[in-house]
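K.L.:
Got a sequence here, can you model it:
(chains A and B)
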Amino acid sequence: MSTPAEAPAIKAHWWAKTLAGVLCGFALALALATLFHQLTPGGPGKLMLLMWLISPLWLTIASLVYLFRDGWRAWGWLGGASVLAYGAVFVSKLGS
Amino acid sequence: MHNETIRHYKVVHTWTGILCGLFLFVAFYAGALTVFAPSLTRWATPETLPATPLEQVDGLIARAMEQVPLTREQFRIRLDETGGNAAWVSWPKNGPASPRDKVPEVGAVLAADGSLTIVDLPHRELGEFIDTLHRTAGLPVDVELGSMFMGVVSALYFVALVSGLIVLLPSLIKDLFVVRLGKNVKRFWLDAHNLVGLVCLPFHLIIAVTSVVFGLHDEIYAVMNPVTFQGEIRQMFQRESPFSAIKPDAEPAPLQPVTMLLQRVRETAPDFRPYMLEIRQAGTKGASVSVWGNDEQYLAYRTGLAVVNGATGAVVNTDYVPELQGGYGSTVAAFFSLHFGTYGGEPVKWGYLVLGLAGAFVFYSGNLLWIESRRRHEKRSTGPVTQSRSTHVMAALTVGVCLGCVSGVSLAIIAGKLMPMLGDDPLPWQNAAYYAALVLSVGWALVRGAARATVPLLWAAALATALIPLLALVEVLMPQANGDPGGLVLEAVALVGAILLLWMARASARRLRNGPRDSVWSAA
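P.N.:
Below you'll find the model as predicted:
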């Protein structure tokens, strides 16, 4: 058994990580799809493609969220990334 | 990666896996057969309506529009497999309906004297029954609700795939092609589960992602609407509709000849193989012709579509024609195609059948591993042990649901073949056959325990499946019901399946006799 001092602080934090993955993951996927919508030209099939972008992005984030050392880091990184992504959505909308 | 993280992922894999394993077994078993759904339907209910030569179809349509005003709203022309020598004209008996709606249809033929004969078409349902089972895992609820539930299950399934991969990564090189068939039976199942799971991983990832979308697309659109589309999704859908180019216009205008409509589509897309035309508002300037077809050289939607103006013959929309879909459309179409296996023709379809059944094996073996890893071991000092209630129940459910599903599908296929011969709608009989087999199997497994129930349930599944090739004999004895025997392929596959099930029954019986006493698989 290693002592707490040298043990790496990897916490399960099941609820915090799962919620971060599911909620922030979806928010981030939605922001990225919106950004894609604003930055690319229109065309047939685009509406469906945008919807199709959501689930691969969302599920990848939701399943990799347990790589974070703890729930705080999960929320920090994914929440921060979401805020940045929505900021970019806002800026690109101003620019258009 | 840190050991602790891998341990966490093992927990994630275990719980997501055990939560969705049984639903996925049913979805995959039925899904493997769904690849051949149209062939199954043709096998069960052969075409009863005589075909009309293509050059006589225009006369038939004109006569039908005179006598049956309903056909002005909508009618369908199904084409034979060569795509153009013979056709069957039909329409929904009680007014316009989508091809997906299950409504009674009537068909028409011209007699030698030019008069019109209208006949009720048989219910053609076997393929659709299997498809519904696939989409809802057989949950006895409305299809929409069932698909939504399976959308959530598929999201868990995706997490189970990624977590399984992460758990496997560290020992990947060491363990990959090693299947240890030794004393340690659990090790063997684990190796097999990992090997099959990893080899099929790309297929599983595609199926998981697409199934989440198929189950939850309405919900995803609803959330995207205010954020991505500024609340204008309805207008955007209308603009993107392939039919938007044709506006309703009641002013009379003759419908162009069917051969000319097909010729126009061929000029626009030479490799597109139409199998059905659906014509709405025929006889007006607003006549729209949906030409449904396929082109297996492309990753395309489950079925392609060209829209033609029926009054002018102009091809007005090709967004869903495989060789002409744009960049965005092709990307979405690739997802569809990779899910349904609608590219590359027959070899890919057989490949998908194998991948689907292999998937069912991964879920079945996953459940067995869950049970084994909770096993309490008998030690010399403690004497006999009893296994926990949860492992007993899970073992019984695994055996009952999986084998009940196999028996139920076989019996439903038999009902789908026999009932139309007797002139009945097969759907209630298919449902009765499937759910009776499922409920009896699960009940039997729960009452008797997994160990004692397994062998009889395997025998029952083998017997139910072996009845399918016996139907070939019925066809020989009742040749009038035999339109499309499909070269006895289905009968041959069922025979192989029955033999496999018998082999499994024998192996299980051996394990029951000789296996360790401290196991849920022991009858002691």
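K.L.:
Just give me the neighbour total for the residue of chain B found nearest chain A.
P.N.:
Of all residues in chain B, the one sitting closest to chain A is residue B:329 (3.2 Å; CB to the nearest CB). Every C-beta, even on glycine, is put in place using the N, C-alpha and C of the backbone. Residues near residue B:329, counting by other CB atoms under 10 Å in any protein chain shown, number 24.
K.L.:
Let me know whether it touches residue B:320 as I believe.
P.N.:
Yes. Distance between residue B:329 and residue B:320: 7.3 Å, which falls inside the contact criterion (CB atoms under 8 Å).
K.L.:
For chain B, which segments count as strands?
P.N.:
B:52-53, B:74-79, B:86-92, B:105-110, B:116-120, B:273-280, B:288-294, B:304-309, B:315-320 (DSSP state E).
K.L.:
Switch these over to JSON lines; also include mean pLDDT, mean neighbour count and distance to chain A.
P.N.:
What follows is the strands of chain B, written out as JSON lines (pLDDT from 0 to 100; neighbours: other CB atoms under 10 Å in any protein chain shown; distance: least, CB to the nearest CB, whole Å):
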{"stretch": "strand B:52-53", "mean pLDDT": "89", "mean neighbour count": "16", "distance to chain A": "35"}
{"stretch": "strand B:74-79", "mean pLDDT": "91", "mean neighbour count": "22", "distance to chain A": "25"}
{"stretch": "strand B:86-92", "mean pLDDT": "90", "mean neighbour count": "22", "distance to chain A": "27"}
{"stretch": "strand B:105-110", "mean pLDDT": "89", "mean neighbour count": "20", "distance to chain A": "29"}
{"stretch": "strand B:116-120", "mean pLDDT": "89", "mean neighbour count": "13", "distance to chain A": "37"}
{"stretch": "strand B:273-280", "mean pLDDT": "92", "mean neighbour count": "20", "distance to chain A": "20"}
{"stretch": "strand B:288-294", "mean pLDDT": "92", "mean neighbour count": "23", "distance to chain A": "16"}
{"stretch": "strand B:304-309", "mean pLDDT": "92", "mean neighbour count": "24", "distance to chain A": "12"}
{"stretch": "strand B:315-320", "mean pLDDT": "90", "mean neighbour count": "21", "distance to chain A": "4"}
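K.L.:
Could you export stretch B:304-315 as PDB, CA atoms only?
P.N.:
Taking C-alpha atoms only, stretch B:304-315 is exported to PDB below (Å, rounded to 0.1, in the frame of the first residue of the first chain):
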ATOM      1  CA  GLY B 304     -32.200   6.300 -53.100                       C
ATOM      2  CA  LEU B 305     -34.800   8.800 -54.400                       C
ATOM      3  CA  ALA B 306     -35.100  10.900 -57.500                       C
ATOM      4  CA  VAL B 307     -38.100  13.300 -57.800                       C
ATOM      5  CA  VAL B 308     -39.600  13.900 -61.200                       C
ATOM      6  CA  ASN B 309     -42.300  16.300 -62.300                       C
ATOM      7  CA  GLY B 310     -45.000  14.000 -63.600                       C
ATOM      8  CA  ALA B 311     -46.500  16.500 -66.000                       C
ATOM      9  CA  THR B 312     -43.300  17.600 -67.700                       C
ATOM     10  CA  GLY B 313     -41.000  14.600 -67.100                       C
ATOM     11  CA  ALA B 314     -38.300  17.000 -65.700                       C
ATOM     12  CA  VAL B 315     -36.000  15.500 -63.000                       C
END
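K.L.:
what residue ranges in chain A score low on pLDDT?
P.N.:
For chain A, the stretches flagged by pLDDT under 70 are A:1-8, A:96.
K.L.:
Contact residues of it facing chain B?
P.N.:
Contact residues, chain A versus chain B (CB under 8 Å from any CB of the partner chain): A:8, A:10, A:12, A:26, A:30-31, A:33-34, A:37, A:43-52, A:54-56, A:59-60, A:62-64, A:66-67.
K.L.:
Show me which of those residues are buried.
P.N.:
When the residues of chain A next to chain B are checked for burial by 16 or more other CB atoms under 10 Å in any protein chain shown, the buried set is A:10, A:26, A:30-31, A:33-34, A:37, A:44-52, A:54-56, A:59-60, A:62-64, A:66-67.
K.L.:
Give me the neighbour count for residue B:112.
P.N.:
5.
K.L.:
my bad, residue B:123
P.N.:
Counted by other CB under 10 Å, the residues lying close to residue B:123 total 19.
K.L.:
longest single helix anywhere in chain A?
P.N.:
What stands out as the longest helix in chain A, according to DSSP state H, is helix A:71-95.
K.L.:
Show me which positions of that one end up buried.
P.N.:
Burial within helix A:71-95, assessed by neighbour count using 16+ other CB under 10 Å, is assigned to A:71, A:73, A:74, A:75, A:78, A:81, A:82, A:85, A:86, A:88, A:89.
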